[in-house]
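**Student:** Provide a 3D model corresponding to the input given below.
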Amino acid sequence: MNDTFLKACRGEKTDYTPVWLMRQAGRYLPEYQKVRAKVDFLTLCKTPELAAEVTIQPIDILKADAAILFSDILIPVEAMGMNLEFSESKGPILYEPVRDEIGVLRLREIEPEDDVPFVIETIKILLKHLKVPLIGFSGAPFTLATYMTEGGSSKNYVNTKKMMYRNPELYSRLMEKITKVVIKYLQAQVDAGVHAVQVFDSWAGILSPVDFERFALPYVQRIVSAFKDRLPVIYFAFNSSAMLNSVMKSGAGILGLDWRIEMSDAVSIIGNNASVQGNLDPCILFGTKDLIRERVARILKGAEGAKGHIFNLGHGILPETPPENAVAMVEAVHELSSKNSR
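**Tutor:** Here you go, the predicted structure:
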């Protein structure tokens, strides 16, 4: 197996900088669209053979150095008893949002082997075919809580923050329940054989630093501490560059970075405390290949002092992205970071 990604996670020397893309299995690939045309999104997530097929596609097409399990962060939330639907126009919809004590009491803890067996089966299929490490993942408790309280995506997260500020005890009970589920969910993936896990905190950036440290960080710390001695843990707190010092307290061995901070500035803050992952603006992939190469070189240069560096986008690849530009980015990372090219 090509273990370059795992070496970079651990801060070991590598012959080149490994690269993978968030949402690398997705709508920008015609090969994915062919599979997706047969089934709806949730069915795709829950059909191991198809989920494995689309997980493998970008490894063959992009030559990425790691695969990430094809699934969705709301899969365990549905298993907790919430009715989940994906709308092409509105995105995820969770019916009967959790906004009171009855809502919290109604949620149940999950048993992954019984409630999400398709996730475990997908991992087992992938391990038979992949020649690169497989990344498992979960949403972070705060991010999952926002979907559960808002009923889907939101612009201002009023319902989440109302609970935080008006009823912190109820909010704490909700977060405790979610945290236990996330640990169980990730534990099942680790037991099935994933080589690393990523915790996505997509909405951490809506919090002030003081609220992040009170209402989100303690739960992430518990998750990280449950796994960091077993395998690499990546924590990606989106839109949180202004509170990187707080994000570092997660204890994760790898910190994902969005594009709102210069890589060199992030490395100077993080130092040798963690490896870094990122952080190209996904929209750069709509530019020319010369621009892509220039920005790749800038990020690689900025990461030279990092404990370890995994190249990635600063968020998920966009559906309209030309696949050939994603390929050009991966090729540029491999070529420009190769020891043989220096």
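
**Student:** For Asn272, the count of nearby residues, please.
**Tutor:** Taking other CB atoms under 10 Å as the neighbour definition, Asn272 ends up with a count of 11. Yep, even glycine has a C-beta here, placed from its N, CA and C like the rest.

**Student:** where does the closest residue to it other than its chain neighbours land on pLDDT?
**Tutor:** Excluding the flanking residues, the one nearest Asn272 by CB to CB, 6 or more residues apart in numbering is Lys307, at 4.9 Å. As predicted, Lys307 sits at a pLDDT of 98.

**Student:** go on, Met164?
**Tutor:** Met164 is assigned a pLDDT of 98 by the prediction.

**Student:** List the contacts of the residue nearest to Asn272.
**Tutor:** Lys307 makes contacts with 11, 270-276, as judged by CB atoms under 8 Å, 6 or more residues apart in numbering.

**Student:** Try it again at 7 Å.
**Tutor:** When the contact criterion is CB atoms under 7 Å, 6 or more residues apart in numbering, the partners of Lys307 are 11, 272, 274-275.

**Student:** Return the members of those residues classed as buried.
**Tutor:** 11, 274-275 (16 or more other CB atoms under 10 Å).

**Student:** Which ones among those map onto strands?
**Tutor:** When those are checked against strands (DSSP state E), the matches are Ser275.

**Student:** before we move on, the earlier item: looking at the contacts of Lys307, spot the one nearest Pro48.
**Tutor:** Comparing those against Pro48 with CB to CB picks out Ser275 as the nearest, at 30.8 Å.

**Student:** what about that closest one, distance to Asn167?
**Tutor:** Ser275 is 38 Å from Asn167, where distance means CB to CB, to the nearest Å.

**Student:** Show me which residues of stretch 169-177 are buried.
**Tutor:** Residues of stretch 169-177 classed as buried under the neighbour-count rule (16+ other CB under 10 Å) are 170-171, 174-175, 177.

**Student:** Which stretches in the stretch 201-342 of the chain count as helices?
**Tutor:** Applying DSSP state H, counting those that start in this stretch to the stretch 201-342 of the chain gives helices spanning 209-215, 217-227, 244-247, 263-270, 289-302, 323-337.

**Student:** related to what we said a few turns ago, may I see the contacts of Lys307 arranged in a markdown table, with pLDDT as well?
**Tutor:** Output for those, formatted as a markdown table (pLDDT from 0 to 100):
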| residue | pLDDT |
| --- | --- |
| Gly11 | 97 |
| Asn272 | 96 |
| Ala274 | 98 |
| Ser275 | 98 |
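
**Student:** Point out where the stretch 151-300 of the chain drops to low pLDDT.
**Tutor:** Of all residues in the stretch 151-300 of the chain, none has pLDDT under 70.

**Student:** Ala196: which of the buried ones among the contacts of Lys307 is nearest?
**Tutor:** Ranked by distance to Ala196 (CB to CB), those are led by Ser275 at 11.1 Å.

**Student:** Pretty sure the closest one sits against Cys9.
**Tutor:** Yes. Between Ser275 and Cys9 there is a contact at 5.8 Å, judged by CB atoms under 7 Å.

**Student:** Return every residue with contacts to both of the two.
**Tutor:** Contact with both Ser275 and Cys9 is made by residues 253-254, 308, 310, according to CB under 7 Å, 6+ apart.

**Student:** Looking at those, state which has the most neighbours.
**Tutor:** With neighbours taken as other CB under 10 Å, the top of those is Ile310, carrying 29 neighbours.

**Student:** Just give me the neighbour total for the closest residue to that one other than its chain neighbours.
**Tutor:** Counting by CB to CB, 6+ apart, Ile310 lies nearest to Gln277, which is 4.3 Å off, once chain neighbours are set aside. Here the neighbour count serves as a burial measure; for Gln277 (other CB under 10 Å) it reads 29.

**Student:** How much space separates Gln277 from Arg293?
**Tutor:** The gap separating Gln277 from Arg293 is 20 Å, by CB to CB.

**Student:** do Ala140 as well
**Tutor:** Look at Ala140 and Arg293: by CB to CB, they are 33 Å apart.

**Student:** Of these two, which one has the most company?
**Tutor:** When Ala140 is set against Arg293 and neighbours are counted by other CB under 10 Å, the residue ahead is Ala140, at 29 against 18.

**Student:** Having no further points to raise, I will conclude here.
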